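In: give me coordinates for this.
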Amino acid sequence: MKLSYDEQEYSKVLKREIIRLEEEIKRLIACNVKLIMQDELERKRYEALLNIKGIGEQAARMLIIQLPMLGYVSRKAVASYAGLAPYERSSSGKEFKRHLGIGKSRLRATLYICTVSSLRFKKGTLYDYRMKLQNRKNDGSKLKELSKKR
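Out: Numbers count the residues shown, from 1 in each chain. Take a look at the predicted model:
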């Protein structure tokens, strides 16, 4: 499909703008990293996050920005802040389904991406959990103990 002169010119302008925006993103990332590395506490948090399987440089920066309380509060508070803790709905004795989602959706998305990327590692947390479950299923000792009690 051949583009007209106006379309070609417009296409060139868009390509230049995309290149400019990509350079601006790189500049902002470099500035962000510089700020993190200048503060000793933030640098330690950044390095600690990088040691976790599935968290890369971008995810670590996002978590530092979105979770300023990381390292100061409990994991339950962080889960609640991120919207990962189940909330119970009840009213005058009636029980409703528990639900998630009262929290930061971008933070939840970042944590989800980290979890999914950690699945790439052979020794990731989900892999270890599945292996423990598999070992329990293969080990019939618990079932034997339960059947003896009856």
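
In: the strands in the chain, which residues?
Out: In the chain, the strands defined using DSSP state E lie at 90-91, 94-95.

In: distance of the nearest residue to A79 once chain neighbours are set aside from R27?
Out: Excluding the flanking residues, the one nearest A79 by C-beta to C-beta, 6 or more residues apart in numbering is A85, at 4.5 Å. Any C-beta I mention is one placed from the backbone N, CA and C, and that applies to glycine too. Distance of A85 to R27, computed by C-beta to C-beta, to the nearest Å: 37 Å.

In: who has more neighbours out of the two?
Out: A85 (16 against 10; other C-beta atoms under 10 Å).

In: coming back round to it: which stretch in the strands of the chain is the model least sure about?
Out: The minimum mean pLDDT among the strands of the chain belongs to strand 90-91 (a mean of 66).

In: for the closest residue to L111 other than its chain neighbours, give me its contacts.
Out: Distance criterion C-beta to C-beta, 6+ apart; nearest residue to L111, sequence neighbours excluded, is A82 at 6.0 Å. Contacts for A82 (C-beta atoms under 8 Å, 6 or more residues apart in numbering) come out as L67, G103, K104, L107, R108, L111.

In: which of these has the most neighbours?
Out: L111 (23 neighbours).
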